[in-house]
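Participant: give me a 3D structure for the following:
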Amino acid sequence: MTTMKHTKVLDGGFSGQLSRHVGTKYDDDPLWTARFLQTNPSAVYSTHLDYLRAGAEVIETNTYQASVPGLMKYLNISMDESLALLAKAVELAKQAVDVYMKERTNQGELVIGRKPLVAGSCGPYGACLHDKSEYTGAYGKSVSRQELMDWHRPRVRALLDAGVDLLALETVPCVEEADALVELLREFPRARAWLSFSCRDERRIADGSDFQEVAVRCYRALPEQIVAVGVNCVPPGYVKSLLEGVNTGGSRGGFVPLVVYPNRGGSYSETDGWIPVPDDQRINLPALEWLDLGVRFIGGCCKVFAEDIAAIRSLVDRRRLAE
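Facilitator: As a prediction, this is how the structure comes out:
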């Protein structure tokens, strides 16, 4: 189904790993970890390096919640300064890659063609609202497609201009935003991206739409630019049911590359809000089972740390050697 030479290991949850460097929690900050692009860029750089040393082959920029309007509002900076901060996020990730590659060279481990990629993280519109709507997608019914495209466009352009290798259009909770992102990608024909969804259960994305129907339709609409579709920030127990069947049973239209990076087990409830799990809760990531479903990108989201990524990389490497 999926050969390991085509599979890449992603990084893990940026927030949790960053907290090990800054010694504080910041979940209630409307900019989340993006504030550290201004206040503590060295910690951002160190977090990237943690994941690279753990074996990540793709690292995401620290821009999940870094929209241009949000940076302007909460850092009291201009539009140009906000765009510059997005470029800085890319620079920090690239610096970490360069240092990591030098480390490998010094250890005699450099492999040509294996330089880690930098993905520009683009969180959903709901994240900027700071009202948990990225877990419901409710705004999809009240915000127009054009408004969603206009909101995402400055960050997408800034990340591409700064030289990311691809875009991570992630935690998408509603079909309206997914369609807006696919349409926006057409404006940047040289851009490549994966599209991953926030899901409420083993079958549906956050707004209640059928995951497989929406994800496959989006991929088929732009296969020359969308490198994978899938899920992120879902409990690991949801993954198999969500992905199973996409690439089996004579799927019409051919193979669909998948991306998966679950959280440590947290979930959202309309009555209780976000239900977290302890940082040290045992995590079961049946990576090899997921790879057999057609996964091309695999990693972790919230509270998945560098040591967890190292374990995933070990499994992937074992499969590669067995092929």
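Participant: just the strands in the stretch 51-200 of the chain please.
Facilitator: 58-60, 117-122, 166-172, 193-197 (DSSP state E, counting those that start in this stretch).
Participant: who does the second one pair up with?
Facilitator: Okay, so that is strand 117-122. According to DSSP bridges, strand 117-122 has the following sheet partners: strand 58-60 (parallel), strand 166-172 (parallel).
Participant: residue 224: how many residues sit nearby?
Facilitator: A total of 8 residues lie near residue 224 under the criterion other CB atoms under 10 Å. In short, each C-beta sits where N, CA and C put it, glycine included.
Participant: part of a helix, is it?
Facilitator: No. Looking at residue 224 with DSSP: H, G, I helix; E, B strand; the rest coil, it is coil, so not inside a helix.
Participant: residues near residue 124, how many?
Facilitator: 30.
Participant: any idea what sits nearest it, other than its immediate chain neighbours?
Facilitator: Excluding the flanking residues, the one nearest residue 124 by CB to CB, 6 or more residues apart in numbering is residue 134, at 4.8 Å.
Participant: and the one you found, how far is that from residue 48?
Facilitator: Separation of residue 134 from residue 48 (CB to CB, to the nearest Å): 23 Å.
Participant: circling back: need the strands paired with strand 117-122 in JSON lines (columns: mean neighbour count, distance to residue 203 and mean pLDDT).
Facilitator: Formatted as JSON lines, the strands paired with strand 117-122 follow (neighbours: other CB atoms under 10 Å; distance: least, CB to CB, whole Å; pLDDT from 0 to 100):
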{"stretch": "strand 58-60", "mean neighbour count": "25", "distance to residue 203": "26", "mean pLDDT": "98"}
{"stretch": "strand 166-172", "mean neighbour count": "27", "distance to residue 203": "16", "mean pLDDT": "98"}
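Participant: and residue 259, which of the three is it?
Facilitator: State at residue 259, reduced to three classes by three-state DSSP: strand.
Participant: neighbours around it, how many?
Facilitator: Counted with other CB under 10 Å, residue 259 comes out at 27.
Participant: then the one 4 residues further on?
Facilitator: Per other CB under 10 Å, the neighbour tally for residue 263 reads 22.
Participant: shouldn't it be in contact with residue 16?
Facilitator: No. Checked against CB atoms under 8 Å, the pair residue 263 and residue 16 is beyond contact range at 9.5 Å.
Participant: how far is the helix or strand encompassing residue 319 from where the chain is centred?
Facilitator: If you go by DSSP states H and E, residue 319 is part of helix 306-322. Distance, stretch centre to chain centre, for helix 306-322: 19 Å (CA atoms, centre = their mean, to the nearest Å).
Participant: may I see the strands of the stretch 51-200 of the chain organised as TSV, with distance to residue 26 added?
Facilitator: TSV is the format used below for these (distance: least, CB to CB, whole Å):
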stretch	distance to residue 26
strand 58-60	18
strand 117-122	16
strand 166-172	18
strand 193-197	23
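Participant: what does stretch 68-82 contact?
Facilitator: Stretch 68-82 has contacts (CB atoms under 8 Å, 6 or more residues apart in numbering) with 30-31, 34-35, 38, 83, 85-86, 128, 151, 154-155, 158.
Participant: so which of those residues wins on neighbours?
Facilitator: residue 34 (29 neighbours).
Participant: ok, that one touching residue 61?
Facilitator: No. In this structure residue 34 lies outside contact range of residue 61 using CB under 8 Å: 9.6 Å.
Participant: who touches both of those two?
Facilitator: By CB under 8 Å, 6+ apart, the residues touching both residue 34 and residue 61 are residue 89.
Participant: for this protein, longest helix please?
Facilitator: As assigned by DSSP state H, the longest helix anywhere in the chain is helix 79-106.
Participant: what's the angle from it to strand 117-122?
Facilitator: On the basis of axes from the mean of the first three to the mean of the last three CA atoms, to 10 degrees, helix 79-106 is oriented at 150 degrees to strand 117-122.
Participant: helix 79-106: which residues count as buried?
Facilitator: Within helix 79-106, the residues that count as buried by 16 or more other CB atoms under 10 Å are 82-94, 96-97, 100-101, 104.
Participant: how far off centre is that helix?
Facilitator: Here helix 79-106 is found 17 Å from its chain centre; the criterion is CA atoms, centre = their mean.
Participant: ok, stretch 126-134 next?
Facilitator: The answer for stretch 126-134 is 16 Å, by CA atoms, centre = their mean.
Participant: repeat that for stretch 143-154.
Facilitator: Worked out by CA atoms, centre = their mean, stretch 143-154 lies 19 Å from the chain centre.
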